[in-house]
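Enquirer: model the following, please.
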Amino acid sequence: MRVSLDNLRPDMVLAADIVDGGGRLLLPGGTVLTEKHLRYCQMWGIVDAEIVGDEAAEDQAEATIDPARLAEVEALVGARFVHVSREHPAIEALFRHCVTTELKKRH
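Expert: Modelled structure (predicted):
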């Protein structure tokens, strides 16, 4: 699962390599993060990383959301997507990400 730099913590495990804009390897996948790694990520300008996690647990947590609350947030976020087609997979993924983020903010 992708985690923002602000939410990365020591002892999390990288699921994928972290590379810079030029493709240079900064940290390999499988690395167990330390405070030092997190400071380096800040210095390198890394904004997020792919972390080994339990996606099934996340999916289950999303499935337990109150349907009325979900509909409210989807309508709110949907207003931001009125000028694009959500049929495109990338746009739909972005929409779902925005809905999830908004739900977390309201939790």
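
Enquirer: quick one: least confident helix or strand in this protein?
Expert: One helix or strand of the chain scores below all others by mean pLDDT, DSSP states H and E: helix 55-63, with a mean of 52.

Enquirer: hey, which helix is longest across this protein?
Expert: Ordering each helix of the chain by length in residues (DSSP state H) puts helix 89-106 first.

Enquirer: so for it, what's the average pLDDT?
Expert: What helix 89-106 shows for mean pLDDT is 87.

Enquirer: and the contacts of that helix?
Expert: 62, 65, 69-70, 73-74, 76-78, 80-81, 84-86 (Cβ atoms under 8 Å, 6 or more residues apart in numbering). Where you see a C-beta, it was placed from the backbone N, CA and C, and this is true even at glycine.

Enquirer: and Ala93, how many residues sit next to it?
Expert: 11 (other Cβ atoms under 10 Å).

Enquirer: same question for the one 3 residues further on.
Expert: Residue neighbour count, defined by other Cβ under 10 Å, stands at 14 for Arg96.

Enquirer: for the remainder of this discussion, apply numbering that starts at 15.
Expert: Got it, the first residue is 15 from now on, which makes the last one we talked about Arg110.

Enquirer: what about it, distance to Gly44?
Expert: Distance of Arg110 to Gly44, computed by Cβ to Cβ, to the nearest Å: 28 Å.
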